[in-house]
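Student: got a predicted structure here, sequence first:
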Amino acid sequence: MTATLFRVKVRAGDKRDLIVSTGPNAFAVWVRAKPEQGRANQSVLALLGRRLGVDPKRLRIIKGSNAPSKIVTLLGGA
C-alpha cells in the first residue's frame, strides 16, 4: 500500500472555509470550525478531500492533530 503525505497549516475558528496550495503537497487551510473535540480536524480533512477529489475517509492526520501544522496522509496514494 502506498501513501502520499501532505503538509497542512491550519487556522481554525476563521470566518470562512478555504484551502490554498502553498507548494508541492502543501496547503494552507482556514476553517470555521473551532478546535474543539476534533471538529476543526474533521473540517480540514473534508476540505482537503474535496480539493484532492478523494473520500475524506482515506485521509488521516498522522502528526500534529493538536497543532496548527499537520502532516496528513492519503491512504492508497493519489
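Tutor: That came through fine.

Student: buried residues in stretch 11-20?
Tutor: Neighbour counts over stretch 11-20 (16 or more other CB atoms under 10 Å) mark 12, 19 as buried. (Each C-beta comes from the backbone N, C-alpha and C, glycine too.)

Student: quick one: average pLDDT of that stretch?
Tutor: Mean pLDDT, stretch 11-20: 96.

Student: how about stretch 47-62?
Tutor: When pLDDT is averaged over stretch 47-62, the result is 96.

Student: now do the end-to-end distance for that stretch.
Tutor: End-to-end distance of stretch 47-62: 17 Å, with CA to CA, to the nearest Å as the criterion.

Student: residues of that stretch that come out buried?
Tutor: For stretch 47-62, a neighbour-count test (16+ other CB under 10 Å) marks 47, 48, 49, 52, 54, 56, 58, 59, 61 as buried.

Student: helices or strands up against the lengthiest strand in the chain?
Tutor: For the chain, the longest strand by residue count, based on DSSP state E, is strand 3-12. Strand 3-12 sits against strand 26-31, helix 39-52, strand 69-75, with contacts defined as 3 or more CB pairs under 8 Å, 6 or more residues apart in numbering; DSSP states H and E.

Student: and the angle for the helix or strand just after the longest one with strand 69-75?
Tutor: To tie it back to what came earlier, the one meant is helix 39-52. Per DSSP states H and E, the first helix or strand lying C-terminal to helix 39-52 is strand 59-63. Relative orientation of strand 59-63 versus strand 69-75 (axes from the mean of the first three to the mean of the last three CA atoms, to 10 degrees): 140 degrees.

Student: show residues contacting strand 59-63.
Tutor: In this structure, residues lying in contact with strand 59-63 by CB atoms under 8 Å, 6 or more residues apart in numbering are 5, 41, 44, 45, 48, 49, 70, 71, 72, 73, 74, 75.

Student: swap in 10 Å and give it another go.
Tutor: 3-8, 10, 38, 41-42, 44-46, 48-49, 52, 67, 69-75 (CB atoms under 10 Å, 6 or more residues apart in numbering).
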